[in-house]
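S.K.: this is the structure alone, sequence omitted:
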């Protein structure tokens, strides 16, 4: 399979085409239709047909992002602060932005960073010779070159200050939330230090620099999918760092930092208070990773036994889930290596793991969303893998933990065969964030049938079936129930 850029001969696209090494055109030949990995550009051509659904930048998502109201509603649904130019004009409100960033994004990565400031920005600049003419300006669907203000400087990705890092994160998150695979995002930093999305271009207005950046990204994408096809099937190594809380008899949180240090196979993790001060109330398990789900569960149990030796108060209850105590969100992050982070993999994890898991979540689990547990939440790791951060703490029981890890393993190794995307529908996204099980339940059997067809399903069936039965029954876990009895853990003083 090779990439193909499908466009409508837009005149402004010519600078990009001059730098492009992949085939392109306004029509796919019959033989290429089922073999090309299509990249859509613009919304003025029909969506691709054929039996191959692989495509970047679905036309439906482009059209939705071009509508200011739908754009802002979608971003806010995912917990993304936005203040679009149309909104500021309608409200007659002018904000003097402390910093402004323009972030071109392609396939979950920022390509570079453009910046302008009303104050001092503590990061390296490339100088006037490398500055963009002005890649930032208007709102959704309008060229970001329309405003004649101080030009943006390209500061790149090497020297990133505090606000630059946050702007990149919000830009990548915004593109993913909108169902897009690339685009240009404009981010503003208010005088108080909060960030807001000010505009998104699903069809970027191309300056010479942006044309060069997007062409290079598409060329690299083509090279990557070619290499992936030539490689043997991936074997995913999984790790995890699920969290739990310690509660006394009155239901109050006892900080894990009273018993354990931050580091090690059993440690504590932080939450950040509104004052930005860190405290360490969360207990966190960090089992040794493995390519074998059974071994990972054994390692997980060993870290629980280690925790039992460190936590010297046997009267404390150990509770997991999403938010057993208000203000203390818990995560069940899963680490992947041996498989490359890909937008298809991320969407498969959201649709085939995070979405069905809502059927067994407790009543208080949804309280962590969307600030935590927002769809597509990931973090790249220095070792080359990545961390999937969407799930609540699935340590509520061994049956749930085994099923979740087995699903994660199957999805990571066979995501190219998992094509359904119910989360592309706004109503399903709303149901996910609300924990609306009645809306989600009819979708899950079809997703599960896809899983049953995968080569590794039979190997993991003993772990998967108990979770599947819980999903069908919508059997919710209890976030205030002590997890130790189910895991057969005894705490001694």
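M.R.: Great, that's in hand. Please read all numbers here as calculations on a predicted model, not as lab measurements.

S.K.: C-terminal to the lowest-mean-pLDDT helix or strand in the chain, what's the next element?
M.R.: Within the chain, confidence by mean pLDDT, DSSP states H and E is lowest for helix 85-91 among all helices and strands, at a mean of 60. For helix 85-91, the following helix or strand on the C-terminal side (DSSP states H and E) is strand 99-106.

S.K.: the stretch 351-493 of the chain: strands as residue ranges?
M.R.: 378-380, 386-388 (DSSP state E, counting those that start in this stretch).

S.K.: quick check: which of these is nearest to residue 205?
M.R.: strand 378-380 (28.4 Å; C-beta to C-beta). Just so you know, the C-beta spots here come from the backbone N, C-alpha and C atoms, and that holds for glycine as well.

S.K.: and the average pLDDT for the closest one is what?
M.R.: On average, the pLDDT along strand 378-380 is 95.

S.K.: and it, which residues are buried?
M.R.: Buried residues in strand 378-380, counted by 16 or more other C-beta atoms under 10 Å: residue 378.

S.K.: equivalent analysis for stretch 255-270, please.
M.R.: 256, 257, 259, 260, 266, 267, 268, 269.

S.K.: and of these, the nearest to residue 165?
M.R.: Looking across the buried residues of stretch 255-270 and measuring by C-beta to C-beta, the closest to residue 165 is residue 269, at 20.0 Å.

S.K.: specify the local secondary structure of the closest one.
M.R.: Going by DSSP: H, G, I helix; E, B strand; the rest coil, the secondary structure assigned to residue 269 is strand.

S.K.: touching, it and residue 284? I think so.
M.R.: Yes - Residue 269 is in contact with residue 284 according to C-beta atoms under 8 Å; the separation is 4.4 Å.

S.K.: identify the contacts common to those two.
M.R.: In the contact map built from C-beta atoms under 8 Å, 6 or more residues apart in numbering, the residues linked to both residue 269 and residue 284 are 241, 243, 256.

S.K.: now for the helix or strand harbouring residue 72, which elements pack on it?
M.R.: For residue 72, the enclosing helix or strand under DSSP H and E is helix 68-77. In this structure, helix 68-77 packs against helix 59-65, helix 85-91, helix 162-177, helix 426-434, with contacts taken as 3 or more C-beta pairs under 8 Å, 6 or more residues apart in numbering; DSSP states H and E.

S.K.: give me the buried positions along the following helix or strand past the longest one.
M.R.: This means helix 162-177. Downstream of helix 162-177, the next assigned helix or strand under DSSP H and E is strand 182-189. Using 16+ other C-beta under 10 Å as the test for burial, strand 182-189 gives 182, 183, 184, 185, 186, 187, 188, 189.

S.K.: report the inter-axis angle for strand 182-189 versus helix 162-177.
M.R.: Angle of strand 182-189 versus helix 162-177, following axes from the mean of the first three to the mean of the last three C-alpha atoms, to 10 degrees, is 140 degrees.

S.K.: now the helices and strands packed on helix 68-77 as a markdown table including mean neighbour count and distance to residue 397?
M.R.: Output for these, formatted as a markdown table (neighbours: other C-beta atoms under 10 Å; distance: least, C-beta to C-beta, whole Å):
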| stretch | mean neighbour count | distance to residue 397 |
| --- | --- | --- |
| helix 59-65 | 19 | 37 |
| helix 85-91 | 14 | 45 |
| helix 162-177 | 21 | 31 |
| helix 426-434 | 17 | 22 |
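
S.K.: how about those, which one is nearest residue 452?
M.R.: Here helix 426-434 is closest among the helices and strands packed on helix 68-77 (C-beta to C-beta), at 21.5 Å.

S.K.: now the closest one and helix 68-77, what's the angle there?
M.R.: Note on geometry: by the same axes, to 10 degrees, helix 426-434 and helix 68-77 are set 20 degrees apart in direction.

S.K.: now do the contacts for the spatially most central residue of the chain.
M.R.: Geometric centre of the chain, nearest residue: residue 376, 2.0 Å, by C-alpha atoms, centre = their mean. Residues near residue 376 by C-beta under 8 Å, 6+ apart: 173, 176, 177, 346, 347, 350, 390.

S.K.: got it, and residue 413?
M.R.: Contact partners of residue 413, counting by C-beta under 8 Å, 6+ apart, are 233, 234, 235, 236, 339, 456.

S.K.: surely the last one and residue 408 touch.
M.R.: It refers to residue 456. No - applying C-beta under 8 Å as the test, residue 456 and residue 408 come out as separate, 11.7 Å apart.
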